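Student: one predicted model, sequence on top.
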Amino acid sequence: MRKISSSSKMIRIATAVLLATGLLAGTAVAQQENPPAPAAPRSVTIPKPTDRTLKNGLRVIVIEDHDIPLISAGIVVKNGGEVDPANLSGLAELTASLLTKGTKTRTAPEIAQQIEALGGTIQSGAGWDASRVFINVMSGKIDPAMSILADVVRNPVFQEEEIERLRQQYIDNLSVTLGDPGSLASYVAARVVFGDAAYGHPLAGTPESLPLIKQADIVGLHTKYYRPDNAVLVIGGSIKAEDAFKLAERLLGDWAKPAAALPARGQVGKMARADEKQRVVVIDMPDAGQAAVVLARVGISRTDPDYFRGIVTNSILSGYSGRLNQEIRIKRGLSYGARSSLEARRESGPFAASAQTKNPSGAEVAGLLIHELSRLSSEPVAEVELTPRKAVLIGGFGRNLETTDGLAFQVSSLALHGLSLDEINNYIRNVQAVTAADVQKFAGSRLPAKDAHIIIVGNAKDFLEPLRKQFSNVEVIPLAELDLNSAALRKTGATAGK
Amino acid sequence: MFRNLKFLLAVITLLLSSTGFGLVSPAQTMPRLTYRDRTLANGLRVLTVEDHASPTVAIQVWYKVGSKDDPEGRSGFAHLFEHMLFKGTKNMKDEMMDRLTEDVGGINNASTWDDFTNYYEVVPSNYLETLLWAEAERMGSLNVDEKNFKSERDVVKEEFRSRVLAPPYGRFFYAIEKESFTAHPYRRPGIGSIEELDAATLGDVKAFHSTFYRPDNATLVVVGDFEPKQIDAWIDKYFTRVAKPDKPLPRVTTKEPERTAEKRVNEYAATVPLPAVALTYLAPPVASADAAALDVAEAILSSGESSRLYQSLVYQQQVAQEAFAQADLREQLGLFVLGAILASEKKPAEAERALLGELKKMQDTLVSAAELDKAKLQLVTNELRERETSNGKAFALARAAVLLGDAARINTDIEKLQAVTAADIQRVMKKYFTDSNRVVITYQAESMRPKTTAGGEGGK
């Protein structure tokens, strides 16, 4: 396929509000026949969420969409991997994953059996700032499916046998992901950007941390954070709002709120600092089939006033016709795809630009990533480039809302960050308001390239020499000496070399 | 390409729609898809579904040419060609398709499968005429040069590295493709190889376009927000001017011989975190009457954590960290693949035994009514999820028309699914899952390769 598609979902919002007619005529000048111009755009409707808060503090949000008889429903707990103790990476993820592995009345196989007999799915896991359990089921099966959802969140038993089984699966799975240059590069990038702060550790744990996690740690995390006044229930799809609220009340209305106050939130991220020292880290994996190249630095939080300026800035770089892919793939054939992401979390999350390339091109791609990030602040983006990149954002947003899963996820993310649910109805306007000057300013003040870090996982001997010509501070860490548990990234006792 | 196994589907979500079933849910849970079906004088088949749920439209063009039609010595060519169709035409500059889609908030993509190649766009509906023009453009002409050919070929070589060389199990899935067929062109992985991609020329690109990219080898499907009279007029205007060539269409006629004895292949690679094993069986073509029973068997074996392979290999025996089954049924014949990535400390032989044990159970004992119902409901719900979007609906309709050879099956396959009985499943399990119809592929770290004995050393 031409591109790896992160989603094959459809558009719902007519991005024709952007009216790109001039652009079409512009590109077609030298041609014998111009493409037909677009007709007048059609108007857009976006479903409107409604919400209530139950007496126990559980916020319930319903978003009706009756196109297809499916429902996506989920409980989002407002804490995730950021609360893992420093030596217990993976605790929140393991806890969330174990929810579906046994409750007071259902064994793990019974949970799977019962939800799948409804044709449904149940998935749970921890992200940053949140732990989630979601079901997706035909609307006619919502009652029994929701009972299972409520049960796994309220009554998990965290049996030793299930903990051991899952622990082993996680350790095995890590051995697979750590063998993939791309996955490994993102793990390393998180450590380089966030150091020993909570956002720096791998969400799914490390081979060293997973064996240390005890049942008491898991039960403790669940007791502390899985409570109605620290959670949001979202129900999206083919269901009447009143029926959804009744169902929520019946299954979760008596979920008791603990007497203890909610735990205070400590700082888990790291602010961007002017004196941030740029690191250039190479993980030497001699058998790597490609080099994975990542540029990474601290970005912004979800509630940052610059959020929309940030995502528009990122969209200039990212996407198929974004600058990174234009320069690295389309012009030079150096990669199957180059992209960037600005991951806004409760505190400032990472900005990352990345591409995989044949090992000998590793240094060249690193240079291109830096160059393109710098160019965003050194010269203004032209309107003819900015307008289509905004259209990409708006179209992608619309396509996300077209599936029940996408709808429920978008709404729950707003709730997670305490943002107004109206934001889904204001999204287009907010994106449209961003100007070329905003982009240049944002790039210069929030994403300066000079203190961005570079991480390359690959066969070092193929790219080290040109890389050292570009950077004076290259650290090379052989794969066998890599330690993801600390910012140093090197196992203690391993010789620190040049 | 990509008849990838479930293992890979998590990262390539586009392909979720591809695995071997074309089932529609019961009338009470999903409305029938009402479509119009016509064929232009030049042979272009046109299927349209009017749906005003959102002001957008999905356009798909399927060409009946796929990786099995790669020219000899040019493995990977159909896929490389697919990339080239995003370059210029007589009236379009390079990458203009991106200007007409991405730049107005839409998307475009394409994928090359064994038997067909599909190109699609999803755009605001006021751009429908523009995109119909553009699809007719690239059906009618292709304007490529040596420079953009070489550059795009480099991109495809990076795609090969990204899919085959870099991921820890890339070579494993590549080996499954290569080792499962002996004569039929399905034996050549659609992604190709660096050497054969390097051998391709600009002349090959031009020849491939004139041979296969023609109206009588294509199906246009449009789903979304349009007026029927208007779309008919646009389609007539832009597509009727693409001429139908006189030359006959070449078709693959090579027959894959029946397997007569179990074949075993041991693959080794430098970085293999955990060993893996796959069993492959030749299976019937996708349009076969046995397809529905094999799809249900696949769901019973591997759909969800209540499935037999998960419960047995991953949960109880803990011999595998992941287990999968796939009825990968294609136009000319199918492949049923079972496999496992092992848990640490386990040997391929243990997983192989466990997989064979599960097959034997399916052959010896009828599945229960509850298990049968569960599998059917999972299949129907999956299909519902696919049809949440116009693009998903367009894919399903095109698949019925092009691959199954009957567009009506978009609505009638549900009956075939509901009619599958426990006895049907037992029958197909006995028919296809025989010892002599099996290829076993193991995948292990290079360090596990048996030492060759030299100079009389070694031995007992």
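Tutor: Thanks, I have the structure now.

Student: what sits against residue A:460?
Tutor: A:282, A:284, A:286, A:476 (CB atoms under 8 Å, 6 or more residues apart in numbering or on different chains). Using the backbone N, CA and C atoms, a C-beta is placed for each residue, glycine as well.

Student: repeat that for 10 Å
Tutor: Contacts for residue A:460 were tallied using CB atoms under 10 Å, 6 or more residues apart in numbering or on different chains; they are A:282-286, A:288, A:291, A:359, A:362, A:467, A:474, A:476-479.

Student: residue B:39 reaches residue B:239, doesn't it?
Tutor: No - in this structure residue B:39 lies outside contact range of residue B:239 using CB atoms under 10 Å: 11.0 Å.

Student: closest to chain B among the contacts of residue A:460?
Tutor: Minimum distance to chain B across those is 6.8 Å, recorded for residue A:288 (CB to the nearest CB).

Student: how close does that closest one get to residue A:365?
Tutor: As judged by CB to CB, to the nearest Å, residue A:288 and residue A:365 stand 14 Å apart.

Student: who touches both of those two?
Tutor: Common neighbours of residue A:288 and residue A:365 (CB under 10 Å, 6+ apart) are A:356, A:456.

Student: could I get the full set of strands for the stretch 1-150 of chain A?
Tutor: A:50-53, A:59-64, A:70-77, A:121-126, A:131-138 (DSSP state E, counting those that start in this stretch).

Student: would you turn those strands into CSV with distance to residue A:456?
Tutor: Formatted as CSV, these follow (distance: least, CB to CB, whole Å):
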stretch, distance to residue A:456
strand A:50-53, 46
strand A:59-64, 43
strand A:70-77, 35
strand A:121-126, 29
strand A:131-138, 32
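
Student: in a markdown table: these, plus mean neighbour count, mean pLDDT and distance to chain B.
Tutor: As requested, the strands of the stretch 1-150 of chain A are arranged in a markdown table below (neighbours: other CB atoms under 10 Å in any protein chain shown; pLDDT from 0 to 100; distance: least, CB to the nearest CB, whole Å):
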| stretch | mean neighbour count | mean pLDDT | distance to chain B |
| --- | --- | --- | --- |
| strand A:50-53 | 15 | 96 | 21 |
| strand A:59-64 | 22 | 96 | 14 |
| strand A:70-77 | 26 | 97 | 6 |
| strand A:121-126 | 22 | 98 | 7 |
| strand A:131-138 | 24 | 97 | 6 |
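
Student: can you list the low-confidence ranges for the chain?
Tutor: Defaulting to chain A. Low-confidence segments of chain A (pLDDT under 70): A:3-31, A:271-275, A:493-498.

Student: should've been chain B
Tutor: For chain B, the stretches flagged by pLDDT under 70 are B:1-30, B:453-460.

Student: overlap in contacts of residue B:39 and residue B:239?
Tutor: B:46, B:215.

Student: how about the helices in the stretch 251-400 of chain B?
Tutor: B:291-302, B:308-309, B:348-364, B:369-386, B:390-398 (DSSP state H, counting those that start in this stretch).

Student: how about the CA coordinates for the longest one, as CSV?
Tutor: Think helix B:369-386. Output in CSV follows, covering the C-alpha atoms of helix B:369-386 (Å, rounded to 0.1, in the frame of the first residue of the first chain):
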residue,chain,number,x,y,z
ALA,B,369,-24.3,-24.6,19.4
ALA,B,370,-23.2,-21.9,21.8
GLU,B,371,-19.7,-21.7,20.3
LEU,B,372,-21.1,-21.7,16.8
ASP,B,373,-23.4,-18.9,17.7
LYS,B,374,-20.7,-16.9,19.3
ALA,B,375,-18.4,-17.2,16.3
LYS,B,376,-21.2,-16.1,13.9
LEU,B,377,-22.1,-13.1,16.1
GLN,B,378,-18.5,-12.0,16.2
LEU,B,379,-18.3,-12.2,12.4
VAL,B,380,-21.5,-10.2,12.0
THR,B,381,-20.4,-7.6,14.5
ASN,B,382,-17.0,-7.2,12.9
GLU,B,383,-18.8,-6.6,9.6
LEU,B,384,-21.0,-4.0,11.2
ARG,B,385,-17.9,-2.2,12.4
GLU,B,386,-16.4,-2.3,8.9
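
Student: near chain A at all, that helix?
Tutor: Yes - looking at helix B:369-386 against chain A by CB under 10 Å from any CB of the partner chain, the contacts come from B:370-371, B:373-382, B:384-386.

Student: most neighbours among these, which one?
Tutor: Neighbour counts for the residues of helix B:369-386 next to chain A peak at residue B:375, which has 28 neighbours (criterion: other CB atoms under 10 Å in any protein chain shown).

Student: what sits against that residue?
Tutor: Counted by CB under 10 Å, 6+ apart, residue B:375 has contacts A:116-117, A:119, B:295-301, B:303-304, B:306-307, B:367, B:417, B:420, B:425.

Student: same thing but 7 Å
Tutor: B:296, B:299-300, B:303 (CB atoms under 7 Å, 6 or more residues apart in numbering or on different chains).

Student: out of these, which one sits closest to chain A?
Tutor: Distances from chain A to the contacts of residue B:375, taken by CB to the nearest CB, are shortest for residue B:303, at 7.2 Å.

Student: wait, the closest one sits on residue B:377?
Tutor: No - the criterion here is CB atoms under 7 Å, and residue B:303 misses it with residue B:377 at 10.2 Å.

Student: tell me where the stretch 101-250 of chain B has strands.
Tutor: B:107-112, B:117-124, B:218-224.

Student: in its sheet, what does the first one sit against?
Tutor: When pairs are called by DSSP bridges, strand B:107-112 turns out to pair with strand B:117-124 (antiparallel).
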